[in-house]
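Trainee: Okay, sequence plus prediction incoming.
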Amino acid sequence: MDGTSASGTEEKPFLWVTRPLATAAKQFAKSLWRPSTVVYPFERLEDPKFRAKVAVASGKPIGVGEIWDNYRGVHALNINTCISCNLCAFSCPDVCIEMVTVPGGDPKHPKKCPQIDYGKCSFCGFCSDACPEGCLSMTTRYELSVHKREEMVYSPAKMFDVYKSKLPMNPIRVERPENEDQILLDAPLCIGCNACSRDCPTNCITMLDIPKLTPKPGEKMPKRIWKEPVINDSDCVRCGTCISVCPKDCLFWGTRQ
Amino acid sequence: MTHGLWNLRVRIEGEIIKDVEPEMGYLHRGIEKISEDRHYNEIITLMDRTCYVAGLAWEHLFIVAAEQALHVTPPERAEYIRVLSAELQRIASHLMWYSAFVQDLGLMTPFLYGMRDRDLILDLFQSYTGGRLTYEYMRVGGVRSDLPLGFTQRCRQVVDWLMDRFVEYDQLCLSSTIFHERCDGLGVLLEPEAVAYGVTGPMLRSAGSHRDLRKDRPYSVYDKLQFQVATASTADVTGRYLVRMEEMRQSVRIVRQCLDWLDDHPGPVMAEHLPRWLGAPYAPMGNESYLLKRNYPTGVGLSMMEEPHGEAGAYVVNDGGEHPYRVKFRSPVLINIWAAKRYLPGYRVADIPPIMGSVDVCVGECDR
Amino acid sequence: MSGQAPEVPRPAVRPQTDASPAGDLPLAVIGQPGVPFVEIETLRAREFIPAAKEALSSLLKEQAQGKLIRPVFNWAGRNSLFPLHWGLACCAIEFAAAFGARWDAERFGVVPRSSPRQCDLLIVNGTVTWKVAHKLIALYEQMPEPKWAIAMGNCATGGGPFRTAYSVVPGVDKLIPVDVYIAGCPPRPENMLDGILRLEQLIKERGE
Amino acid sequence: MSSVTLYSVAYSIAAILLGGLAHLFPAPVHGWLISGDVVTALATVIFAAILLAASMLNTILLIWYERKLLGRFMDRRGAMHVGYAGLLQNFADGLKLFRKDTVRPGQADPLGFWLSPTAYMVTSLVIFGLLPISTGWNGGSLPLTLLLALVIFSFAPLFIFLGAWASNNKYSLIGGMRSAAQMIAYEVPILLAVVAVVVLAGSFDLNTIVLEQRNYWFWAPLFLALIVFLTGMLAEMERIPFDLPEAEAELVEGWNTEYGGMLFAFFMLADYLRALVGSILVVLLFLGGWTLPSYIPAALTSFPLAGIVWFMVKTYLVFGLFVWVRASLPRIRTDQLLRLGWMRMVPLALLSVILAALVVLARCLPLIGCVPSMGG
Amino acid sequence: MDAKQLSDGLATRFPGKILGVDPLDGTLGRIRFDPAVATDLFRSLRDDYQFTHLTLVGATDWIDHREVFYVLWSDTDRLYLVLSANLPTDAPVIASSVPIWPSANAHEREAWDLVGVKFEGHPDLRRIFMPEGYAYHPLLRSFKIHEPEDLEVKVRSD
């Protein structure tokens, strides 16, 4: 077994306490001109101007760089490109995203955008990873202190303001796996109700006519519309809206053979 | 205590401790219960908060157990990034321990030095995970994203700087007669007793044991890395200090090897062929009968790791659903505190802060 | 990974989240009414604190009408907030980092004290469980007036990721009055400093 | 310069005030007002007020100084946003504490609880009346000033213990007991170190002690005594590494756990007053007081109030030394502290007394008759 | 030592009480045993097979039964071993392992607290995390957690 004995042979007491006194004095001399303190409200770490001064030890910049680009702070939402797919709300582990109606949708298709309660959000970034259109992303803004609990709820409009303020945004995009599951149809159960096609945020579901079956003698024919959804996999963002709206639970995830 | 929320009931005679009774549960947050209602990847958000000074180490722990239960193999680059993260996290955690420990001794200055240098590591974490303390970085089957450009160079700068600082820390503590007066021969827990009481980690290694799961049972890619196990023979507070300091140096060694490997081997960081709810964003799953029809494999995952505080374990039972059926963690801190019944009696009341400080208490992980 | 599948009993039906198999077992968690010891403590805090505050403020209105003295004391009070040195969970680490070398909260005169008698500010930095709730209230009551409370982080604000758990108080404002909430999980040290500055602003505007 | 003393300043202020006031009154009152007794009485009051203000101001400045210095040792900045460079920070703290509610725990003893901070503060303040700051700038030049100062200085453990006991809190009580034991233990080496100085100077009068250091400061022959005195003063001031009465890790805030508001401010202020007294004593006894070595150019020593300026510079440097120690050493344990006090410091102090005697002897040697007279 | 050797050895010592061995990655395997022989089995494992470390004791609620699992570590072989025993739901009782491995103390208290498994012979079987007097064992599947109802925002009165 290879082990090393941590004996600390280099540092032994020398004249009782003179060594620690000397070390403290050395640090005192080093930090006399500029200690490593960031004078926060006046200097900010995320400001490129101060990056050379901060992340420092006693005035010596080390380890600095574009460390802020990935920071997960307040969300920025581009309302214009949001497709109301609900994926952010589903992927939120803390259930802090609620889809609220915003103006701009047609009456059949009310446009819904995420509203985030920062009193519950854990800033994990799952929602921005999930966003298929890249319209919800996280910025480097972190100041979130409020007087009242209600002010912590960020409406879509408020997050759109954050988007318009052009803060640096988290550049990480998690790539979707190539062999993603598709949405399959359990055809005998389908009643052709058009719910999936109507609610699909990307309009990738088309209802195609299917031949009408004639019931065998003695078998009761289900009452249905003779249409069946066909899903365009390349357009589908895998949001599962169709699955959740399907009244007969006939859509499911699987791999198309 | 500076280490979090727990209670130590002490029965004393004069200044001498006769019996102690640790009282826990003030931070019991039901993480195991909440985990049963979450997707595998979503549990990672809880892992960061379970042990808030070693979030990435606990993510690694859980992810390995979950991968074993789900029969997923991550790519090698992801493994290296995980080991790099875990070792950087070990340094950060030990620095946090150092800060809290010296503060218990009444030393104010090294507390600030420790926090200052820990912030540099947190900056590194922030540059590739996006979080300072809660990272949410690892995923079943890999990690969230690759390292950013120029990361390895920055990381080398930081660890070089840290190697110099370790000398300074030793000068402030080991070179001080008062430190030795305060810490030598305190909280002695010899190896057989430590084993019987289940004590692990630096506390066990300070008693001369060579037990380190990274060597004994190499998980991830630790078998390809060169490092040594830090041990001490005194089994007291000073020994634990020495072991942790040496471990930080060895961690720097591992970090440098990982950086060299990562420079030379670009590649994917996410496994292919993952079940639907692992590889992509979550979406409504639909009727559960379809899920059962697809017959995903069930399994049990058990991972034991050398976490900064000691041996941590995760036991994950996968019953084929989207959530784990049962998640159970082994907390090293719970057991290390528990053994206080053995190593505290006989010392003075004024010795409690250094002794309990040397245990490295993280209550979040202890109470879960 | 060898793909060997150890035998795990697969439950015939996964328990549904909404249907409780044991019907007589209430869904109760300890936080709901009916569990005495927490309730009593909660009530005491809820009634005591506003009453004390009211009494104090009426006293002030009668005695200190002076236009000169009040602003001076207000300035002193808001520039020297001593928080209680009490760490709960994750946010306590960031709380400590804010007092570290890089952010150095002492610049604003914020010095943590260990004894609640010498504090003006209770920063609840972490998850509050029901087991610790009455201690939190006791600490808050031990602080002399005027005093403020900051709920730091999501756990203190509303239970955070753990709010569904059986042992966690869903928001510390159920126990004590909170002046400033800081969102974040955990909030960065800058965010915490921002919260303290916001509290100073609040004191300036509202008086004590 | 030498003619101006603090008392003369106070006396002239009193005379001017009373002279102005006397014009408003008829003759008998007028005569009485400008009589010597009344002026002296008022002068004394003014004198005390000046002393009080000066010592308080200095104490508050001392706290600021420590915070800034400690900040640099710790690679940070310390208070900097309240006032210029945080100069007003401590005024804000004091005002806030003054304004704050003072809570007396229900079980606490009222008399002890209220009395002890006040008495602690007052005894610390009284010493300032005895300490000369420059030639003539002191309260009274009693023959036993030094002894009196040290006696008043050692009242503190009594009041700390009283306050700790009155708080009815176990942490306070343990802290108070530790504090009392520590202070009493370190009285002995301090007094012995002072004896060494007294042997060398031949007087208990601080003015004389300073004047005796015209030729050489006493720290050189009495280096051991200086070390003992500094260590003892650290223990008396309860600063790191001897701050175990306030050990935060085990006792919440030590003996002032239950004190808040103004009473806590009293304790805090008195602590720093004592720190100031300690630094001043070190300067007076070992570092030549307001005198400067003769090789310093006269321009630096002859401007008005040069003595006071140099004295304060020295005092602050000595206090900086205490801060430096605080920044780099951990706290030691009670039993180790007492062992250090009794087993190390007392013998060292005794040794330094012998050394001082030897120095005196060596000084006497050239004089005729000195050695035989000692023998006979 | 491999899993076969160990299970055969144990099967001869405790005939009929070793109910099976499942493979488990990275360990010797998972041995299912009859809770009736718990103490003897533990003693035999510690003394004869040098499983000196008890790493973990936990319990799972499988609705129709409860499972107790033990993770052991052998310093000589550097391997983990998982033991598991099924207990009936109405009487979840098993002999305590504290006399053999003192480190089980906290683990068993936790298992009692959260899953409600009783360990006979435990010196101090009290709740560890939840306050004394708490009525439920929260990690049972029948105990549901839910979104707190009282989450409406409250505004300070003054």
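Mentor: Noted; the coordinates are in hand. Residues are numbered from 1 along each chain as shown, chains lettered A, B, ... in the order given.
Trainee: how about low-confidence regions in chain B?
Mentor: B:1-4, B:273-296 (pLDDT under 70).
Trainee: likewise chain D?
Mentor: For chain D, the ranges with pLDDT under 70 are D:1-4, D:136-141, D:245-250, D:252, D:366-376.
Trainee: Surely residue C:82 and residue C:116 touch.
Mentor: No. With contact defined as C-beta atoms under 8 Å, residue C:82 does not reach residue C:116; the gap is 10.0 Å. (Each C-beta comes from the backbone N, C-alpha and C, glycine too.)
Trainee: Around chain C, which positions in the stretch 1-150 of chain D sit nearby?
Mentor: D:67, D:71, D:74-82, D:86, D:88-89, D:91-96, D:99-103 (C-beta under 8 Å from any C-beta of the partner chain).
Trainee: Give the buried subset of those residues as a PyMOL selection command.
Mentor: Burial among the residues of the stretch 1-150 of chain D next to chain C is assessed by 16 or more other C-beta atoms under 10 Å in any protein chain shown; the matching PyMOL selection reads:
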select buried, chain D and resi 67+71+74+75+76+77+78+79+80+81+82+86+88+89+91+92+93+94+95+96+99+100+102+103
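Trainee: Next up, the contacts around residue A:224.
Mentor: Contact analysis of residue A:224 by C-beta atoms under 8 Å, 6 or more residues apart in numbering or on different chains lists A:190, A:191, A:192, A:193.
Trainee: which ones are touching residue B:83?
Mentor: By C-beta under 8 Å, 6+ apart, the neighbours of residue B:83 are B:220, B:221, B:222, B:225, B:254, B:258.
Trainee: 6 Å instead, please
Mentor: B:220, B:221, B:258 (C-beta atoms under 6 Å, 6 or more residues apart in numbering or on different chains).
Trainee: By neighbour count, which of those residues wins?
Mentor: Scoring these on neighbours with other C-beta atoms under 10 Å in any protein chain shown, the highest-scoring entry is residue B:258 at 25 neighbours.
Trainee: re the thing from before, turn the contacts of residue B:83 into a markdown table, including secondary structure and distance to chain C.
Mentor: What follows is the contacts of residue B:83, written out as a markdown table (DSSP: H, G, I helix; E, B strand; the rest coil; distance: C-beta to the nearest C-beta, whole Å):
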| residue | secondary structure | distance to chain C |
| --- | --- | --- |
| B:220 | coil | 13 |
| B:221 | coil | 14 |
| B:258 | helix | 22 |
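Trainee: CSV for these, including distance to chain A?
Mentor: Formatted as CSV, the contacts of residue B:83 follow (distance: C-beta to the nearest C-beta, whole Å):
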residue, distance to chain A
B:220, 19
B:221, 18
B:258, 17
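Trainee: follow-up on the earlier one: relative to residue D:229, which of the contacts of residue A:224 is nearest.
Mentor: Distances from residue D:229 to the contacts of residue A:224, taken as C-beta to C-beta, are shortest for residue A:193 (94.9 Å).
Trainee: Count the residues that sit near that closest one.
Mentor: 18.
Trainee: And residue E:123, by the same measure?
Mentor: 11.
Trainee: same check, this time on residue D:12
Mentor: Neighbours of residue D:12 (other C-beta under 10 Å): 14.
Trainee: ok, now how distant is it from residue A:203?
Mentor: Distance of residue D:12 to residue A:203, computed by C-beta to C-beta, to the nearest Å: 97 Å.
Trainee: repeat for residue D:60
Mentor: For residue D:60 relative to residue A:203 (C-beta to C-beta), the value is 73 Å.
Trainee: who has more neighbours, the two?
Mentor: residue D:60 (19 against 12).
Trainee: you'd agree the more buried one is up against residue D:90?
Mentor: Yes. Applying C-beta atoms under 6 Å as the test, residue D:60 and residue D:90 come out as touching, 4.7 Å apart.
Trainee: what residues are shared contacts of the two?
Mentor: Counting by C-beta under 6 Å, 6+ apart, nothing touches both residue D:60 and residue D:90.
Trainee: taking the residues of the stretch 1-150 of chain D next to chain C one by one, which sit in helices?
Mentor: D:67, D:71, D:89, D:91, D:92, D:93, D:94, D:95, D:96, D:99 (DSSP state H).
Trainee: out of those, who's nearest residue C:189?
Mentor: Of those, the one sitting nearest to residue C:189 (C-beta to C-beta) turns out to be residue D:71, at 16.7 Å.
Trainee: just checking, residue B:20 is part of a strand?
Mentor: Yes. Residue B:20: assigned to a strand according to DSSP: H, G, I helix; E, B strand; the rest coil.
Trainee: what's the spacing between it and residue E:5?
Mentor: 42 Å.
Trainee: what does chain C have sitting close to chain D?
Mentor: C:73, C:76-77, C:79-80, C:101, C:104, C:106-109, C:114-115, C:117-118, C:144-145 (C-beta under 6 Å from any C-beta of the partner chain).
Trainee: any idea what the spatially closest residue to residue D:286 that is not a sequence neighbour is structurally, helix, strand or coil?
Mentor: In space, and not counting its chain neighbours, residue D:286 is closest to residue D:219: 4.2 Å by C-beta to C-beta, 6 or more residues apart in numbering or on different chains. Following three-state DSSP, residue D:219 is assigned to coil.
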